[in-house]
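J.: Next input, structure requested:
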Amino acid sequence: MKTHFLFVFLFFAFIRINAQNYAVTAIPEELKTDAQAVVREYSETFIQDDTQTGTHNVVYAMTIFDEKGDNYMNFYVYEDYFRELKNFSGEVFNAQGKSIKKIGKKDLVSTAISDNLADNGKRTFYNFHAPSYPITVKYAYELKYKNGILSYPTFDPVPGFRVSVEKADYTLQIPQDVELREKKLNPQVETVRSTTDKSKIYKWSINQFKALPYEAYAPVEELFPVIYLSPEKFCMGKTCGDMSDWEHFGIWQGELLKGRNVLPQNIIDKVKELTQNVPEKRDKVKALYQYLQNTTHYISIQLGIGGWQPMKAEDVAKTSFGDCKALSNYMKSLLDVVNIPSYYTVISTEKKYLMRDFPNFSQANHVILMVPLESDTVWLECTNQSLPFGYIHSQILGHDALAVGENKAFLCTLPSYPPLDNQEINTVEIRLSPEGNADMDVRSTYKMDVFEKMYFRLKGLDTKEENETLSRLLRVEKPQISEFKKEEFLTEKPSMNISFKVKCDEYASKTGTRMFIPINPTYTSLKGVFSGNSRRFDIVLKSSLCEIDTIRLHIPENYALENQVKPVDIHSDYGAFKTEIKEENGTWVYVQKLELLPGRYPASQFGDLKDFYNKIEGLQTMKLSLKK
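T.: Predicted structure coming up:
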């Protein structure tokens with residue numbers, strides 16, 4: 001302990017004595033190119049004492065050139081069951097490198113108020129507002145690790161696009177009997193190893209990393225230096241586990257579930273009542289899932305063994321609330337009553353792919369339930385009271401997951417729906433007056449992922465908010481919305497119908513005897529999706545869309561369509577766009593079908609992809625010309 005104290009003392013003394021020149025002129029010119037900010041120094045040290053405790057010291061300084069980099073000026077740490085902030089200092093420097101402000105621990109703000117209503121963690125932060133630019137902020141702090149070391153801090157010194165790094169290093173010191181697991185993402189960084197009588201020491205360094213220009217839809221996880229680190233074996237309080245592979249990790253997770261599926265007798269009786277006249281297993285699962293939705297609600301709870309062990313099923317039954325762990329375990333317990341096996345399934349709502357060769361605690365943030373049946377597998381999102389039974393929502397669709405059962409665990413991948421199942425079908429009836437005003441009847445159908453987005457956009461709105469949301473569906477100035485109706489079909493492939501009326505003054509622009517009107521008032525903008533004239537990184541498009549619009553235009557008497565609108569038929573690897581226009585008994589009918597496909601495309605195809613999107617945007621926004 002004396003040696004450790006001396007190290008920490010010397011660590012902070014070294015920082016004070018060896019002050020870096022933070023003048024902006026000291027930054028190499030090549031690091032300023034494409035940069036909003038530059039990391040001037042980044043020094044991180046983690047010393048593990050034993051399986052339960054360790055110390056994490058961090059010093060970093062960053063120069064911010066303008067307000068676009070403001071988010072890099074603030075300090076933030078999260079304290080919880082495992083981490084406690086022990087020391088902190090901060091300092092601010094002007095463009096010439098002169099110190100203009102000191103920040104102490106007393107200036108920090110801590111709050112336990114969060115999205116979690118039951119949480120033993122707190123956020124500690126400091127928000128700084130720059131008086132001028134460029135400006136440099138420097139923070140030094142120490143976190144004490146306690147109650148178990150599940151993983152080591154990730155070496156991730158580049159916070160994002162448009163940030164350069166002058167120098168960054170990370171030192172990890174662990175006991176001799178601890179085995180380190182290491183996972184590097186591009187670009188590779190050399191690992192320097194050394195030893196003492198009692199410790200293994202690892203060091204990683206990065207110098208002169210040039211800022212990467214921002215590009216939409218880039219494969220971000222491949223572009224920045226990131227090193228994930230964890231011990232092969234770990235302890236959390238009195239429970240210990242093995243992260244050598246996902247199976248061992250899952251078996252440890254399964255141990256945390258044991259004895260937590262006991263239900264009160266009244267709930268057991270209710271389960272039997274709900275399922276006694278239901279012969280098919282799938283229908284039993286559906287009945288119990290709907291019971292779960294009707295009788296529980298979601299609250300995030302990070303108590304217990306580091307937030308990894310769910311509440312007991314009997315406690316969920318008494319309180320009617322729980323987090324994803326608790327509600328999934330509760331649903332599993334309901335199914336146990338009727339002897340339907342299921343798997344507690346750990347998944348990420350942010351990352352589609354798990355690192356299959358590197359299990360660790362940071363990859364997953366959610367739990368669902370897998371129910372394998374004879375003919376198929378049902379995936380249950382237990383935290384949502386309104387999602388349809390059997391529907392796989394967009395945050396987990398096609399994601400890797402870890403299924404945990406009785407003394408077994410295995411990796412699996414959730415299914416994906418065909419891209420073009422995500423449909424939006426619009427029909428708009430437009431009656432145009434001689435003055436250029438329009439009355440519209442709008443009817444729309446949304447399916448699958450498009451349904452999900454619209455369902456939650458329209459949920460719980462008052463009339464004003466509802467009208468504002470509907471207005472944004474149209475390329476129309478100041479629409480007056482009325483008679484809104486919606487109809488929801490909450491099946492395994494859900495959909496929703498909506499309809500409303502629109503009054504729009506000056507829908508057409510008039511010039512002499514001519515009127516010019518938008519060919520399609522529905523709104524799907526592709527403008528600016530891709531900007532710039534060149535591309536450095538691959539393009540990764542994750543979402544898809546199939547939109548079919550039918551516009552029926554009733555023009556005023558004594559007016560005729562002046563311009564000839566030719567049909568369009570565009571097909572490419574990125575999707576398709578097809579239009580036609582025809583006259584039916586004095587009414588002009590315009591039909592447009594847009595398909596956008598997911599995929600990964602090399603940077604060399606950027607010009608073609610940009611032209612495809614821009615051309616479609618231009619065709620969608622063109623106008624018809626009517627002549628009196």
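J.: Off-centre distance for stretch 327-340?
T.: Using CA atoms, centre = their mean, to the nearest Å, the mean C-alpha position of stretch 327-340 is found 29 Å from that of the whole chain.
J.: Please enumerate the helices of the stretch 101-250 of the chain.
T.: Counting by DSSP state H, counting those that start in this stretch, the stretch 101-250 of the chain has helices at residues 246-255.
J.: For burial, what's the neighbour tally of the closest residue to E222 other than its chain neighbours?
T.: Leaving aside its sequence neighbours, E222 sits nearest to N186 (CB to CB, 6 or more residues apart in numbering; 5.2 Å). All C-beta atoms are positioned from the backbone trio N, CA, C, and that covers glycine. Look at N186: counted by other CB atoms under 10 Å, it has 12 neighbours.
J.: Need the phi and psi values for N186.
T.: Dihedral angles of N186 (phi, psi; degrees, to the nearest 10) stand at phi -60, psi 150.
J.: Next: the one 3 residues further on.
T.: Dihedral pair for V189: phi -120, psi 130, per degrees, to the nearest 10.
J.: same deal with F361?
T.: With angles defined as degrees, to the nearest 10, F361 shows backbone torsions of phi -70, psi -20.
J.: Contact partners for it?
T.: Residues near F361 by CB atoms under 8 Å, 6 or more residues apart in numbering: 150-151, 230, 308.
J.: Could you do S333 as well?
T.: Here S333 is in contact with 260-263, 313 (criterion: CB under 8 Å, 6+ apart).
J.: can you do 6 Å?
T.: Listed by CB atoms under 6 Å, 6 or more residues apart in numbering, the contact set of S333 reads 261, 263, 313.
J.: before we move on, what about Q592?
T.: Neighbours of Q592 in contact, by CB under 6 Å, 6+ apart: 520, 549, 579.
J.: Next one: it relative to F577, how far apart?
T.: Taking CB to CB, to the nearest Å as the measure, Q592 falls 8 Å from F577.
J.: buried sites along stretch 216-229?
T.: For stretch 216-229, the neighbour count (16 or more other CB atoms under 10 Å) marks 217-218, 223-229 as buried.
J.: Do me a favour and get the end-to-end distance for it?
T.: Start-to-end span of stretch 216-229 (CA to CA, to the nearest Å) is 29 Å.
J.: In the chain, where is pLDDT below threshold?
T.: Applying pLDDT under 70 to the chain flags residues 1-19, 112-120, 302-306.
J.: can you give me the helices in this protein?
T.: Secondary structure of the chain (DSSP state H): helices at 2-17, 29-32, 246-255, 265-275, 281-295, 313-319, 324-337, 449-458, 463-471, 606-620.
J.: Of all these, which one is nearest V59?
T.: V59 lies closest to helix 2-17 among the helices of the chain, at 5.7 Å (CB to CB).
J.: coming back round to it: take the contacts of F361 and lay them out in CSV including distance to T621 and neighbour count.
T.: Below are the contacts of F361 laid out as CSV (distance: CB to CB, whole Å; neighbours: other CB atoms under 10 Å):
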residue, distance to T621, neighbour count
L150, 53, 19
S151, 50, 16
S230, 52, 22
W308, 51, 18
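J.: and the two most separated of those residues?
T.: Maximum distance among the contacts of F361 (CB to CB): 14.6 Å, for S230 and W308.
J.: which one is C382 nearest to, not counting chain neighbours?
T.: C382's closest residue in space is L327 (CB to CB, 6+ apart), at 4.0 Å.
J.: Run through the residues that contact that neighbour.
T.: With contact set as CB under 6 Å, 6+ apart, L327 has these partners: 296, 382-383.
J.: how about 8 Å then?
T.: Counting by CB under 8 Å, 6+ apart, L327 touches 292, 296, 298, 316, 382-383.
J.: Taking those residues, tell me the two that lie furthest apart.
T.: Greatest spacing in those, by CB to CB: V316 and T383 (12.1 Å).
J.: before we move on, the earlier item: next, format the contacts of L327 as JSON lines and append distance to A603 and neighbour count.
T.: As requested, the contacts of L327 are exported to JSON lines (distance: CB to CB, whole Å; neighbours: other CB under 10 Å):
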{"residue": "L292", "distance to A603": "47", "neighbour count": "20"}
{"residue": "T296", "distance to A603": "48", "neighbour count": "21"}
{"residue": "Y298", "distance to A603": "42", "neighbour count": "16"}
{"residue": "V316", "distance to A603": "50", "neighbour count": "25"}
{"residue": "C382", "distance to A603": "41", "neighbour count": "25"}
{"residue": "T383", "distance to A603": "39", "neighbour count": "23"}
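J.: and of the residues you listed, the nearest to F128?
T.: Proximity to F128 was ranked across those by CB to CB; first place goes to Y298, at 35.0 Å.
J.: Please verify my assumption that E374 contacts P341.
T.: No: counting by CB atoms under 8 Å, E374 does not reach P341; the two are 11.7 Å apart.
J.: Looking at the two, which has the bigger crowd around it?
T.: For E374 versus P341, neighbours defined as other CB under 10 Å are more numerous around P341 (13 against 7).
J.: so the more buried one sits right up against K408, yeah?
T.: No: using CB under 8 Å, P341 makes no contact with K408, being 11.1 Å away.
J.: So which residues of the stretch 401-550 of the chain form strands?
T.: 408-413, 423-432, 438-447, 480-489, 495-504, 509-511, 514-518, 539-541, 545-554 (DSSP state E, counting those that start in this stretch).
J.: Reformat these as a markdown table; add distance to F530.
T.: Listed next are the strands of the stretch 401-550 of the chain as a markdown table, based on distance: least, CB to CB, whole Å:
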| stretch | distance to F530 |
| --- | --- |
| strand 408-413 | 30 |
| strand 423-432 | 22 |
| strand 438-447 | 26 |
| strand 480-489 | 32 |
| strand 495-504 | 30 |
| strand 509-511 | 29 |
| strand 514-518 | 23 |
| strand 539-541 | 8 |
| strand 545-554 | 16 |
